[in-house]
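1. Need the 3D shape of this:
(chains A and B)
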Amino acid sequence: MTHWIILPVVLPAILAPFIVLAARYHITIQRVFSVVGVMAQIVLGIGLAWQSSDGTVTLYQLGDWAAPFGIVLVGDRLSTLMVLLTAVLAMFVLLYAIGSGWDQRGRHFHALYQFQLMGIMGAFLTGDLFNLFVFFEVLLIASYGLMIHAGGDARLRAGVQYVLYNLVGSTLFLFALGALYAETGTLNMADLAQRAELITADATVGIRIAAVLLILVFMIKAAVVPLHFWLPSSYAEAPAPVAALFAIMTKVGAYAIIRVYTLVFPPDLEVTAGLHGVWLLPAALISIAVGMVGILAARKLDRLVAFSVIGSMGMVMTAIALFTPEGIAAALYYIVHSTLAAAALFLIVDLVRDSRADLRLSLQPPVAGAAMTAGLFFVAAIAMAGLPPLSGFIGKLLILNASFDTDATVWVWGTVLIGSLIAIVGFGRAGSMVFWKAQSLVPDEEEDRQETEQEEPMQEAPSILSYVAVGGLLALLVAHTVFAGQVIAYTKTIAAQLFAPDTYIETVLETPGKLSDKKAEKY
Amino acid sequence: MEFLVASAIGILTAGGIYLLLRLRTFPVILGISLLTYAVNVFLFASGRLTIGASPILIKGVETYTDPLPQALVLTAIVISFGMTAVIVMIALGAFLGSNDDHVDDQPEDDAPRAEDAT
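-> The predicted structure is shown next:
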């Protein structure tokens, strides 16, 4: 048993208290440790992904206790891919936070950032539903702190909404766990998978309630309509690097749905037939509609991007809701794409915010470094709206292809294609208003002089590091497009592993540890 | 006993949800507290209700109560307690900052935007 797999959780858990306690007043030391920590995460992520790429399921038993009794971490293809994605995203977002000085506008940014990473990594790696809850709470507590980082009334108000909504979500999660435990007597996912099969047809009430409660919780996290109301204002009001990091948080919900509803409640399980398999797809399609219409209707640039996140989560959930290997493979490709694209867009919005009075889509003087920022926005908007040649287009093509043979073809194709058109119009309108028409604006000279005097400090072009961070994210998107063939081949093997969970279950339950030897059986 | 516990959970949940749907932060936070109490009792009951049984192995004892829900409840209590403290602080900050404790976005936030859109 190697200890590598727990390091993505332990490393930030050590770094964060160190940053708080030892480097409290030294922003440079904080930055160095934070960046080094995230770099180590990337190396770990690559290592773990490489290790599991041949289909091996890595198991880590904490304290060497055997599976249903002890806590386990499990690394398979899906979770290691998500760990790697998180680490890479965290790197660029952190660079942006340092480059733009966001980490200095309030206290403890880096410590909270590390705690947030700890929660996300743990949620991806855990093999136990109660630990999933605990790691959800870890990432949520850190995100509450990050969400109201740098303060401000509007941000605090949005923070209240965000925290309240998530508290309700956590309570629902506990209700679901209680119901599951009452029905099956275990919360280990592999064990649950075995016991859910044994439930007879006349005793399914409890388990069906538990399954529905659980997917509701994950839908809150994934911001699927009608549980998306927390997202627009909290993402719009959160500090830009935080909003960009939050791009992975909605994917935690999507990951949890993929994991639990292929392993514990697979689509062909009889006791939960006719539940999530029936109404997840309509909810996802409505999410696309709400997100895309929101893009068109948004009056501010940050809200526009927040709604595009809802739309892209709708795309992801549409592909997941098909519950076929092709659907999951397409969803995973789209998850990587939409995480990077959404993060890049939030950062670009911040570049724009710095040199404008506000983010309303109205005529204002051009932003500082307009050509560069406009170019980046153009590329990111193309990716997000799903226009060729970038990966959003390939992702949507995969989703359309995956839904081709199903009953819902017409609905999926109609919603995705019309939604994309609306998104293109929305992004085009916003881009031309903010970047293009601004160039034609010739303000009065008197007013102009006053404004330039007032806004002198704001007109500084953003630092090079900020551009490097945004550019890096977009470069990853381009790489995601260029190597689409290899990535899709890999996501297909992930989906194949998910739909053949026997290896996972055997590895978790039959690896020996304490309490699994003969001596223990006499108790 | 089952009826008593079940109805207690039910009443707590109903009261919690009612308060959750109020407009101002104070009742909403109270509602969340009620909900967390309900879920704690619910979790506790998920290991079946027994009286006077031991949760750990003792020689010669035949009936045990399930120790795992007790551990789960302890975790849940700590987390919900901490979370309630956090939300009280954030809500207080938001209230002192904007002198308004509505949970939802107020329409006046939108008013200047509506004028500007033309």
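
2. And the residue of the stretch 201-350 of chain A found nearest chain B, how close does it get to A:L359?
-> Residue of the stretch 201-350 of chain A nearest chain B, by CB to the nearest CB: A:R299 (4.9 Å). C-beta: built from backbone N, CA, C; applies to glycine. In this view, A:R299 and A:L359 are 9 Å apart by CB to CB, to the nearest Å.

3. higher neighbour count, these two?
-> When A:R299 and A:L359 are compared for neighbours, A:L359 comes out ahead with 22 against 16, by other CB atoms under 10 Å in any protein chain shown.

4. To what extent is residue 94 buried, counted in neighbours?
-> Just going to use chain A. Quick note: A:L94 (other CB under 10 Å) scores 26 neighbours.

5. that's the other chain; I wanted chain B
-> A count of neighbours around B:A94, defined by other CB under 10 Å, yields 25.

6. Over to A:A201?
-> A:A201, neighbours per other CB under 10 Å, totals 8.

7. Could I get the contacting residues of it?
-> Contacts here follow CB atoms under 8 Å, 6 or more residues apart in numbering or on different chains; on that basis A:A201 touches A:E270, A:V271.

8. swap in A:L301?
-> Per CB under 8 Å, 6+ apart, neighbours of A:L301: A:V349, A:V352, A:R353, A:L359, A:R360, A:L361, A:A430, A:V434.

9. swap the cut-off to 7 Å and go again
-> By CB atoms under 7 Å, 6 or more residues apart in numbering or on different chains, the contact list for A:L301 reads A:V349, A:V352, A:L359, A:L361, A:A430, A:V434.

10. Check the contact between the first one and A:V305; I expect there is one.
-> Yes: applying CB atoms under 7 Å as the test, A:V349 and A:V305 come out as touching, 5.6 Å apart.

11. so B:A8 sits right up against B:V41, yeah?
-> Yes: between B:A8 and B:V41 there is a contact at 6.4 Å, judged by CB under 7 Å.

12. So for these two, which sits in the more crowded spot?
-> B:V41 (18 against 15).

13. quick one on the thing from earlier: tell me the two of the contacts of A:L301 that are most distant?
-> The largest separation in the contacts of A:L301, counting by CB to CB, is between A:V349 and A:L361 at 11.6 Å.

14. Looking at those two, which one has more neighbours?
-> When A:V349 is set against A:L361 and neighbours are counted by other CB under 10 Å, the residue ahead is A:V349, at 26 against 21.

15. if we can go back for a sec, isn't the residue of the stretch 201-350 of chain A closest to chain B right up against A:D358?
-> No: taking contacts as CB under 7 Å, A:R299 lies outside contact range of A:D358: 10.4 Å.

16. Checking the residue lying closest to A:A469 once chain neighbours are set aside next. Helix, strand or coil?
-> Using CB to CB, 6 or more residues apart in numbering or on different chains and skipping the chain neighbours, the partner closest in space to A:A469 is A:Y96 (3.7 Å). Secondary structure assignment for A:Y96 (DSSP: H, G, I helix; E, B strand; the rest coil): helix.

17. you'd agree A:Y96 is up against A:A243?
-> No: here A:Y96 does not reach A:A243: they are 11.0 Å apart, not a contact under CB under 7 Å.

18. These two: which is more packed in?
-> For A:Y96 versus A:A243, the count of surrounding residues by other CB under 10 Å is larger for A:Y96: 31 against 28.

19. want to try a markdown table for the contacts of A:L301, with secondary structure as columns?
-> Output for the contacts of A:L301, formatted as a markdown table (three-state DSSP):
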| residue | secondary structure |
| --- | --- |
| A:V349 | helix |
| A:V352 | helix |
| A:L359 | coil |
| A:L361 | coil |
| A:A430 | helix |
| A:V434 | helix |
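
20. Closest to chain B out of these?
-> A:L361 (7.8 Å).

21. quick one on the thing from earlier: shared neighbours of A:V349 and A:V305, which are they?
-> Between them, A:V349 and A:V305 share no contacting residue, judged by CB under 7 Å, 6+ apart.

22. How about the contacts made by A:H228?
-> A:S287, A:V290, A:I310.

23. which residues touch the residue nearest the centre of chain B?
-> Geometric centre of chain B, nearest residue: B:T36, 2.3 Å, by CA atoms, centre = their mean. When contacts are counted by CB under 7 Å, 6+ apart, B:T36 is found next to A:T171, B:S80.

24. buried residues in the helix or strand harbouring it?
-> Remark: B:T36 resides in helix B:25-45, with elements defined by DSSP states H and E. Buried residues in helix B:25-45, defined by neighbour count with 16 or more other CB atoms under 10 Å in any protein chain shown: B:25, B:27-45.

25. swap in stretch A:487-506?
-> Neighbour counts over stretch A:487-506 (16+ other CB under 10 Å) mark A:487-488, A:490-492, A:494-495, A:497-499, A:501, A:504-505 as buried.

26. What of stretch A:384-404?
-> A:384-387, A:390-400, A:402-403.

27. Would you mind pulling the contact partners of it?
-> So stretch A:384-404 is contacted by A:308, A:312, A:315, A:318-319, A:322, A:324, A:326-327, A:330, A:333-334, A:337, A:341, A:345, A:382-383, A:409, A:412-413, A:416, A:420, A:423-424, A:427, A:477, A:480-481, A:484, A:488 (CB under 7 Å, 6+ apart).

28. Point to the helix or strand of the chain where mean pLDDT is at its lowest.
-> In the absence of a named chain, this looks at chain A. Among the helices and strands of chain A, helix A:445-454 carries the lowest confidence by mean pLDDT, DSSP states H and E, at a mean of 50.

29. Chain B is the one I meant
-> helix B:107-116 (a mean of 48).

30. Quick check: residues of chain B near chain A?
-> For chain B, the contact set with chain A under CB under 7 Å from any CB of the partner chain comprises B:20, B:25, B:28, B:32, B:35-36, B:39, B:42-43, B:46, B:57, B:69, B:72, B:75-76, B:79, B:83, B:86-87, B:90-91, B:93-94, B:97-98, B:103, B:105, B:113, B:116-117.

31. Now A:S170: closest residue in space that isn't a chain neighbour?
-> Excluding the flanking residues, the one nearest A:S170 by CB to CB, 6+ apart is A:E137, at 6.4 Å.

32. got it, and A:L473?
-> A:A344 is the one closest to A:L473 (CB to CB, 6+ apart), at 4.1 Å.

33. what's the distance between stretch A:376-384 and the middle of its chain?
-> 19 Å (CA atoms, centre = their mean, to the nearest Å).

34. Could you give the average pLDDT over it?
-> Stretch A:376-384 shows a mean pLDDT of 91.

35. Buried residues, it. List them.
-> Counting neighbours by 16+ other CB under 10 Å, one finds that the buried residues in stretch A:376-384 are A:L376, A:F377, A:V379, A:A380, A:A381, A:I382, A:A383, A:M384.
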